[in-house]
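1. Please work out how this folds:
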Amino acid sequence: MRTVIWLVLLFTVAVVAATGLGRNDALVSVYWSGWRFDVSLNVFLLVLVAACVALVVVFNSVSALISLPARAHQWRVLRRERAAQAALREALAESYGGRYSRAHKAALKAMAIQDDTPELAREEEFRVLTHLLAAGSLHRLQDRSRRDEQLRRALKLIKRTGASRSADEGARLLAAEWALDDRVPSGPVMPPALGIRLCTARRQTCARPDWEPTDADVSFRAPADVVALFRNAILAYAAPAGPLWRGLEHLLEHVVAEWDSQPRHRDPVFARDGWRCTVPACSSRRNLHDHHVLFRSRGGGNSRANRITVCAAHHLHGIHTSVIRAWGEAPDGITWELGARAGRPPLLRFGTGEVYEEPDVA
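-> Numbering: from 1, shown residues only. Model (predicted):
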């Protein structure tokens, strides 16, 4: 299409030139030091156009020649920037591939290229990402000292340059995740002894003065973003110079107040079961279902003795898939079998009052 347009324009110019200049008999007279030169107007116009084109070409050539060093410098900077980006991508690919030593070397290579190029020093987020990639590789290699050094550099750079919020949150979430990984894992949890109750006895607590230090430590494992969110919530309810446990206390008081302010559910079975799932060892308080112990399709009634509270997960994926079985009279006379299997004894059996019982061996 472009070729056709150029041909049409060339044809139009040829027609206009032939029509306007074909019968042009005008002359251009040039006087110089007593001499007179007579030139055809057509030839003069062609020479003038050629001279203008030549001047434009000369000016562009001189400008390109003068700007050649600057363009060569920009090309070298662009080449080094592409090399740094390639090293960063290599570090990311090696990290995903499980080759953490190579990933660490590639991240260091990207940082070295940036250090050798002053024009790339303004790429602060690139620097933060390389530090985090290097720290992540060192974490997998169990080199905690150098990992913490790379993480400190990244956080210091974020604080000094005011990098994006995503980089700041990413660095802090990684720090929280690594802190959890550094903890000594607990040993395997053995099954409960025969006849033991899963529900712990109520203990009476006493008030303590503010100056007395606490003698308990509440710990749990969770994803890094959940840990960061929970810590931010505690800090939001803690005084600027107050202890963190006081912030946790205020947070729990707020949760209880919000819970009490909500309208009560009209189902009395939920209130009787304490608004939690009654499956042994489950403490879920969300997505509760009113379950009939003896199914309505099998002749079960709608009395409260035939109804218990279970969470949606245990109801839909446990009871109605025959992985969990329950029978008896609610609320205290229910017998539970967890891990029910066809033709084989269940994994766990709990009698009245959530007492662990030995499953019958087939």
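2. quick one, helices of the stretch 151-300 of the chain?
-> For the stretch 151-300 of the chain, the helices defined by DSSP state H, counting those that start in this stretch occupy 165-181, 224-237, 244-261, 268-272.
3. could those helices be laid out in TSV, adding mean neighbour count, mean pLDDT and distance to residue 13?
-> In this view, the C-beta of every residue, glycine as well, is placed from N, C-alpha and C. Shown next, in TSV, are the helices of the stretch 151-300 of the chain (neighbours: other Cβ atoms under 10 Å; pLDDT from 0 to 100; distance: least, Cβ to Cβ, whole Å):
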stretch	mean neighbour count	mean pLDDT	distance to residue 13
helix 165-181	16	78	57
helix 224-237	14	80	68
helix 244-261	12	84	82
helix 268-272	15	88	90
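4. Would you format the ones you listed as JSON lines with distance to residue 315 included?
-> Formatted as JSON lines, those follow (distance: least, Cβ to Cβ, whole Å):
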{"stretch": "helix 165-181", "distance to residue 315": "32"}
{"stretch": "helix 224-237", "distance to residue 315": "25"}
{"stretch": "helix 244-261", "distance to residue 315": "22"}
{"stretch": "helix 268-272", "distance to residue 315": "13"}
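5. Between those helices, which one is closest to residue 346.
-> Taking Cβ to Cβ, helix 268-272 is the member of the helices of the stretch 151-300 of the chain nearest to residue 346, at 25.0 Å.
6. Packing partners of the closest one?
-> Contacts defined by 3 or more Cβ pairs under 8 Å, 6 or more residues apart in numbering; DSSP states H and E place helix 268-272 against strand 288-292, strand 307-311.
7. closest to residue 182 out of these?
-> So among those, strand 307-311 is nearest, using Cβ to Cβ, at 33.1 Å.
8. and the closest one, which strands flank it?
-> Strand 307-311 has its sheet partners listed here by DSSP bridges as strand 288-292 (antiparallel).
9. is it true that residue 139 touches residue 178?
-> Yes - here residue 139 reaches residue 178: they are 5.4 Å apart, a contact under Cβ atoms under 8 Å.
10. Need the residues touching each of these two.
-> residue 147 (Cβ atoms under 8 Å, 6 or more residues apart in numbering).
11. show me where pLDDT drops low in the stretch 51-200 of the chain?
-> For the stretch 51-200 of the chain, applying pLDDT under 70 flags the ranges 163, 180, 183-200.
12. To what extent is residue 74 buried, counted in neighbours?
-> 12 (other Cβ atoms under 10 Å).
13. Please identify the helix or strand for it.
-> Here residue 74 sits within helix 68-96, counting by DSSP states H and E.
14. Switch the helices and strands packed on helix 268-272 over to CSV; also include mean neighbour count.
-> Shown next, in CSV, are the helices and strands packed on helix 268-272 (neighbours: other Cβ atoms under 10 Å):
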stretch, mean neighbour count
strand 288-292, 19
strand 307-311, 24
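15. how about those strands in JSON lines, adding distance to residue 132 and mean pLDDT?
-> Shown next, in JSON lines, are the helices and strands packed on helix 268-272 (distance: least, Cβ to Cβ, whole Å; pLDDT from 0 to 100):
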{"stretch": "strand 288-292", "distance to residue 132": "42", "mean pLDDT": "92"}
{"stretch": "strand 307-311", "distance to residue 132": "38", "mean pLDDT": "93"}
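16. so which of these gets nearest residue 223?
-> strand 307-311 (20.5 Å).
17. next one: the closest one to chain centre, how far?
-> Centre-to-centre, strand 307-311 and its host chain are 36 Å apart (Cα atoms, centre = their mean, to the nearest Å).
18. contact partners of the next helix or strand after it?
-> Using DSSP H and E, the helix or strand that follows strand 307-311 in sequence is helix 312-314. Residues from elsewhere that reach helix 312-314 (Cβ under 8 Å, 6+ apart): 277, 279, 282, 284, 287-289, 324.
19. Helices along the stretch 1-150 of the chain, start to end?
-> 2-21, 41-66, 68-96, 100-116, 124-140, 144-161.
20. Okay, angle between the first one and helix 41-66 too, please.
-> This means helix 2-21. 140 degrees (axes from the mean of the first three to the mean of the last three Cα atoms, to 10 degrees).
21. could you give the mean pLDDT of helix 2-21?
-> Mean per-residue pLDDT for helix 2-21: 80.
22. for it, packing partners?
-> Using 3+ Cβ pairs under 8 Å, 6+ apart, helix 2-21 sits against no helix or strand.
23. Run the chain-centre distance for that helix.
-> For helix 2-21, the distance to the chain centre is 61 Å (Cα atoms, centre = their mean).
24. just to revisit the earlier point, can you pull the buried residues of the helix holding residue 74?
-> Within helix 68-96, the residues that count as buried by 16 or more other Cβ atoms under 10 Å are 80-81, 84, 87-88, 90-92, 94-95.
25. Please name every helix or strand in contact with it.
-> helix 100-116, helix 124-140.
26. quick one: the last one to helix 100-116, angle?
-> I take that to be helix 124-140. Orientation check (the same axes, to 10 degrees): helix 124-140 against helix 100-116 gives 150 degrees.
27. and helix 124-140, which residues are buried?
-> Using 16+ other Cβ under 10 Å as the test for burial, helix 124-140 gives 124, 126-140.
28. Also the first one?
-> Buried residues in helix 100-116, defined by neighbour count with 16+ other Cβ under 10 Å: 100, 102-111, 113-114.
29. about what we covered before: so for residue 260, which of the helices and strands packed on helix 68-96 sits nearest?
-> The nearest among those, by Cβ to Cβ, is helix 124-140 at 43.4 Å.
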